[in-house]
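1. test case, fold it:
(2 chains)
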Amino acid sequence: MGTEKIPSSVVQFALADRLINIGRANSFWPLTFGIACCAIEMMATGCARFDMSRFGAEVFRPSARQSDVMIVAGTITKKMMPGIKTLYDQMPEPKWVMALGNCAISGGPFAFEGQYSIILGADQFLPVDVYIPGCPPRPEALLQGIIELEHLVSDWKRWKNPEAA
Amino acid sequence: MEHQFTAFLYQENILWIAAFTLGGLAFALGPIAIVYLFMPLKTRQINNKALQFIECGMDPIGDSWIRYGVVFYLYALIFLAFDVDVLFLFPVAVAYNDAMFASSIRDFIEIVLFIGILSLAIVYAWIKGVFKWERKKFLRR
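-> Have a look, this model is predicted:
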C-alpha cells in the first residue's frame, strides 16, 4: 500500500509550499474515472446545476498523469482493482484519493457472507483521504468532500468557521 | 595596414558570443534544474506501474512494436523515381532552347543517357510488378 511516506522535493520553502498548496486546494484535477452508479452523481456534480467549477475542481482529466485527485466513484470489483492500482501509480505526486459512496468506503450493500467479487472498500488498497458516505451521495455531499479535501491540503479556509466566530 | 592574425582581432566579440551562449543555455536548462529541485522525486506506488504507457489502467495486449503490412511505401518510392526525373529535367528544358545546345548531338545523347539511367528505377519497379494494382500478400505474424 502506498501509504508509507509521502515523497517530498529536494528543496523546500515553507512559505512557497503554503502558497502552492493554496493553489492546489483551489484547483483539483480529478481523474475522469467512474466505476459504478456513484459516477452519475459525480457527473451531475460536474454539470451546471451543482457546478463543481465553483470550487475549482471541474477539470476532469482523462489521463492519470494529469490529475491529482482520484475519486473512487462506486463499487470496486476484484477485476477492476488492478486497473485502479495502476491508475493510482500513474498519478503524479501530490495525489489524493476520495472514496465516494458506501461501496468505496466499506463495500456498502455488497458486504454479505458468500460475496466473492467485490473489494470491501477502497482503503483496502488505497490511501484514502476523504470518505463521502451515501448510496449514492448527493452532489452536495461530493462538494462537501471536495471542501474537506481542500482543508486537508491547505490550512487556507474557503469560509470562516461559523462556530468559532 | 595589413592584419596577419585576424583571429586575434575579435577577442571581445568572441567573449560576447560566449556570454550570450552561456546565458541562453542557462535560460534553457535553468528551469529544468529548478523544477527538478522543487518537484517530488517519486510518486507513491502500489503496483509499480507508473511507467506503463497505456493510461486507462488496463495492461496492454501485446507490443505496439509489430510489423505492419506497409504497401504504400512502394508508391512513395515510385513517386520519388518520377520526381527526380522531373526535377533534373526542368533545368534541361529551360536551357535546351539555347542555340548552344540545340544544334549539338552530343548534348542530346547525354540527356538520353541521363534519363535512361534514371528510368532504370522505373523499369525495375515495372518488372517487379509494382504497377499492377494487386493486394500484396505478406505473412502475418
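
2. what segments of chain A are helices?
-> Taking DSSP state H as the test, the helices found in chain A are A:14-26, A:38-46, A:81-90, A:102-106, A:139-153.

3. make TSV from those and add distance to B:A95, mean pLDDT and mean neighbour count to it.
-> (Glycine included, C-beta is placed from N, CA and C.) Shown next, in TSV, are the helices of chain A (distance: least, C-beta to C-beta, whole Å; pLDDT from 0 to 100; neighbours: other C-beta atoms under 10 Å in any protein chain shown):
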stretch	distance to B:A95	mean pLDDT	mean neighbour count
helix A:14-26	68	87	14
helix A:38-46	69	92	21
helix A:81-90	63	92	22
helix A:102-106	79	91	24
helix A:139-153	75	91	19
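
4. chain B is nearest to which of the ones you listed?
-> Closest to chain B of these is helix A:81-90 (C-beta to the nearest C-beta; 3.2 Å).

5. so what secondary structure elements neighbour that closest one?
-> Where contact means 3 or more C-beta pairs under 8 Å, 6 or more residues apart in numbering or on different chains; DSSP states H and E, helix A:81-90 is packed against strand A:69-73.

6. about what we covered before: so for B:E12, which of the helices of chain A sits nearest?
-> helix A:14-26 (40.6 Å; C-beta to C-beta).

7. mind listing residues that contact the closest one?
-> A:55-56, A:68, A:94, A:149-151, A:153-156 (C-beta atoms under 8 Å, 6 or more residues apart in numbering or on different chains).

8. helices along chain B, start to end?
-> Per DSSP H, chain B carries helices over the ranges B:11-38, B:72-95, B:99-102, B:105-128.

9. near chain A, anything from the first one?
-> Yes. If you take C-beta under 8 Å from any C-beta of the partner chain as the test, helix B:11-38 does meet chain A, through B:36-38.

10. re earlier: dump the helices of chain A into CSV; add distance to B:A19 as well.
-> Shown next, in CSV, are the helices of chain A (distance: least, C-beta to C-beta, whole Å):
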stretch, distance to B:A19
helix A:14-26, 31
helix A:38-46, 52
helix A:81-90, 43
helix A:102-106, 59
helix A:139-153, 44
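
11. which strand residues bridge the spatially most central residue of chain A?
-> Closest to where the C-alpha atoms of chain A average out (C-alpha atoms, centre = their mean) is A:M98, at 2.5 Å. Counting by DSSP bridges, A:M98 is bridged to A:I71, A:V130.

12. let me see the contact set for it.
-> Going by C-beta under 8 Å, 6+ apart, A:M98 touches A:69-72, A:128-132, A:145-146, A:149.

13. highest neighbour count among the residues you listed?
-> Within the contacts of A:M98, A:I71 tops the neighbour count with 32 neighbours, counted by other C-beta atoms under 10 Å in any protein chain shown.

14. right, I'll leave it there.
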